[in-house]
Every structure is written in structure tokens, then in C-alpha cells.
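Engineer: Could you look at this predicted model? Sequence included:
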Amino acid sequence: MRIVYITTRNASEAKKISQHLLKKKLAGCVNIFPIESMYWWQDEIQEDVEFVLLVKTADDKFEEIEKEIIKLHKYDIPAIYSWKIDKVNEKYEKWINNNCKKIKK
């Protein structure tokens, strides 16, 4: 299992990206929450409210998620990174993996 961390400009963009990932079976669950961010941009320190997505996914989905985010995201340089989860409840991991399988037609 893997957690992918993505920041977005607003709640609307966060929900749009989350729904897209869920519909494409790239995520089993996505948590969205507001954060305060401070960062360098164009040689100035910026301060913004952003929204974070914590995408719960199968271990092999990062590259596909990254490609989709780059197509959809409004930022020039979106933050997209992940952590491999080394311990997780077995039933929950199975549920995540089952929900990240391609839909058979």
C-alpha cells in the first residue's frame, strides 16, 4: 500500500482530482483537508491556504497517478510524492488493493 500526498489550490480542485482518481481506479480512498502553506515562489515567500489530498492506493499506482495529476493540476509544479506503507491492517490493505484494480469490461 502507498500514500500519495498532493497539494491543490482549493477544495474544488481537490474534489475534482479525487473523483478522477477514484473513477480511474487509481485510489481506494482519498482524504482532503485544508492546510496553511508557506513556500518560495518567484523569489518571494508566499503564504496560502491549500488543500491536501492523501491518496490511499496500491503500491504500483504512483506513476499512473502522477501522470493523471500532471494533466489535471492547475499548478506549474504540483507537489506529488508518496510513502510506501510498511505496516497496515491486512483487511484494509486488501480493500484498498481491490478498489485499485482496473474495471473489467
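Structural biologist: Nice, thanks for sending it over. Numbering: from 1, shown residues only.

Engineer: which phi and psi does the residue lying farthest from the centre of the chain have?
Structural biologist: For the chain, the largest distance from the centre (Cα atoms, centre = their mean) belongs to residue 43, which lies 27.2 Å off. Per-residue torsions, residue 43: phi 60, psi 20 (degrees, to the nearest 10).

Engineer: Buried residues in stretch 30-44, which are they?
Structural biologist: Neighbour counts using 16 or more other Cβ atoms under 10 Å place 30, 32 of stretch 30-44 among the buried residues. In this view, the C-beta of every residue, glycine as well, is placed from N, C-alpha and C.

Engineer: Which stretches in the protein count as strands?
Structural biologist: Counting by DSSP state E, the chain has strands at residues 2-8, 29-41, 44-57, 80-84.

Engineer: Averaged pLDDT, the second one. What do you get?
Structural biologist: Mean pLDDT, taken over the full extent of strand 29-41, equals 96.

Engineer: Contact partners for the residue most central in space within the chain?
Structural biologist: Closest residue to the average C-alpha location of the chain: residue 55 at 4.0 Å, with Cα atoms, centre = their mean. Neighbour list for residue 55: 3-6, 18, 21, 26-27, 29-30, 65 [criterion: Cβ atoms under 8 Å, 6 or more residues apart in numbering].
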